[in-house]
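[1] return a 3D structure for these sequence lines:
(chains A and B)
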Amino acid sequence: DAKTTQPNSMESNEEEPVHLPCNHSTISGTDYIHWYRQLPSQGPEYVIHGLTSNVNNRMASLAIAEDRKSSTLILHRATLRDAAVYYCILKQGAQKLVFGQGTRLTINP
Amino acid sequence: EAQVTQNPRYLITVTGKKLTVTCSQNMNHEYMSWYRQDPGLGLRQIYYSMNVEVTDKGDVPEGYKVSRKEKRNFPLILESPSPNQTSLYFCASSALGTEETQYFGPGTRLLVL
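    Below is the predicted model:
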């Protein structure tokens, strides 16, 4: 399973943008980049995914580097409810998700 | 509403007393999976199923059994629980495909004394 590297923790202020980085230097051409998050006392939930192009949805944006060796999850205007552990996962073919330690995001009021 | 349900949500039991944690999804998903989450170890896959009557081991299958007799249900069975199976358990489901997202249940917190 291809590996990702994320900072252990990040902190931001409410209503400000948040950029969560992920390095995946061993990514292969068919790996999709998926992001999930886990709010306190809940199961993980899907955030966004992409292959090569930048992606937007109602929750976030995903910016993928041209060489695909890194990506950034962007929360445009963080709220207190966005405080969670964010996981960057490479998915290739198989259904299995391999979770790393993720980034614990703290939002200050 | 699309969802994955798990029961029970909380369970305290004693060593050796067989138990079953149920998991059900209403999205007609082919793929279902069980994970356990432990501090410092993250989420690890126990077993998964690609369809009815098709199950396979994940990364930490020892001490667990599963069955998939119906598409919507994927129970996790602990025949003889031990204290090292004290953990937070999540069931998940998805359609098949690299782009498909997984939907997770709310979790079952198990304490084995």
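[2] please, where are all the strands along chain B?
    For chain B, applying DSSP state E gives strands covering B:4-7, B:10-13, B:19-25, B:31-38, B:42-51, B:54-57, B:65-66, B:76-78, B:87-94, B:103-104, B:108-112.
[3] kindly reformat the ones you listed as CSV containing mean pLDDT and mean neighbour count.
    Every C-beta, even on glycine, is put in place using the N, C-alpha and C of the backbone. Listed next are those as CSV, based on pLDDT from 0 to 100; neighbours: other C-beta atoms under 10 Å in any protein chain shown:
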stretch, mean pLDDT, mean neighbour count
strand B:4-7, 98, 18
strand B:10-13, 97, 13
strand B:19-25, 98, 19
strand B:31-38, 96, 23
strand B:42-51, 94, 20
strand B:54-57, 95, 13
strand B:65-66, 98, 18
strand B:76-78, 98, 19
strand B:87-94, 97, 24
strand B:103-104, 96, 24
strand B:108-112, 98, 18
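[4] which one, of those strands, ends up nearest to chain A?
    Closest of these to chain A is strand B:103-104, at 3.2 Å (criterion: C-beta to the nearest C-beta).
[5] returning to what we had before: JSON lines for the strands of chain B, including distance to chain A?
    As requested, these are exported to JSON lines (distance: least, C-beta to the nearest C-beta, whole Å):
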{"stretch": "strand B:4-7", "distance to chain A": "8"}
{"stretch": "strand B:10-13", "distance to chain A": "12"}
{"stretch": "strand B:19-25", "distance to chain A": "11"}
{"stretch": "strand B:31-38", "distance to chain A": "4"}
{"stretch": "strand B:42-51", "distance to chain A": "4"}
{"stretch": "strand B:54-57", "distance to chain A": "10"}
{"stretch": "strand B:65-66", "distance to chain A": "15"}
{"stretch": "strand B:76-78", "distance to chain A": "14"}
{"stretch": "strand B:87-94", "distance to chain A": "5"}
{"stretch": "strand B:103-104", "distance to chain A": "3"}
{"stretch": "strand B:108-112", "distance to chain A": "9"}
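[6] right, and chain B sits closest to which residue of chain A?
    Going by C-beta to the nearest C-beta, chain B is nearest to A:Gly43 of chain A, at 3.2 Å.
[7] what sits against the residue nearest to B:Glu70 when sequence neighbours are not counted?
    Of all residues not flanking B:Glu70 in the chain, B:Val52 sits nearest, at 6.7 Å (C-beta to C-beta, 6 or more residues apart in numbering or on different chains). B:Val52 is in contact with B:Arg68, B:Lys69, B:Glu70, B:Lys71, counting by C-beta atoms under 8 Å, 6 or more residues apart in numbering or on different chains.
[8] likewise B:Thr108?
    B:Gln6, B:Asn7, B:Pro8, B:Arg9, B:Tyr10, B:Leu11, B:Val21, B:Leu88, B:Tyr89, B:Phe90.
[9] show me the beta-bridge partners of it.
    Using DSSP bridges, the bridge partners assigned to B:Thr108 are B:Tyr89.
[10] hang on, the earlier thing: so which strand or helix has the residue of chain A closest to chain B?
    Counting by DSSP states H and E, no helix or strand carries A:Gly43.
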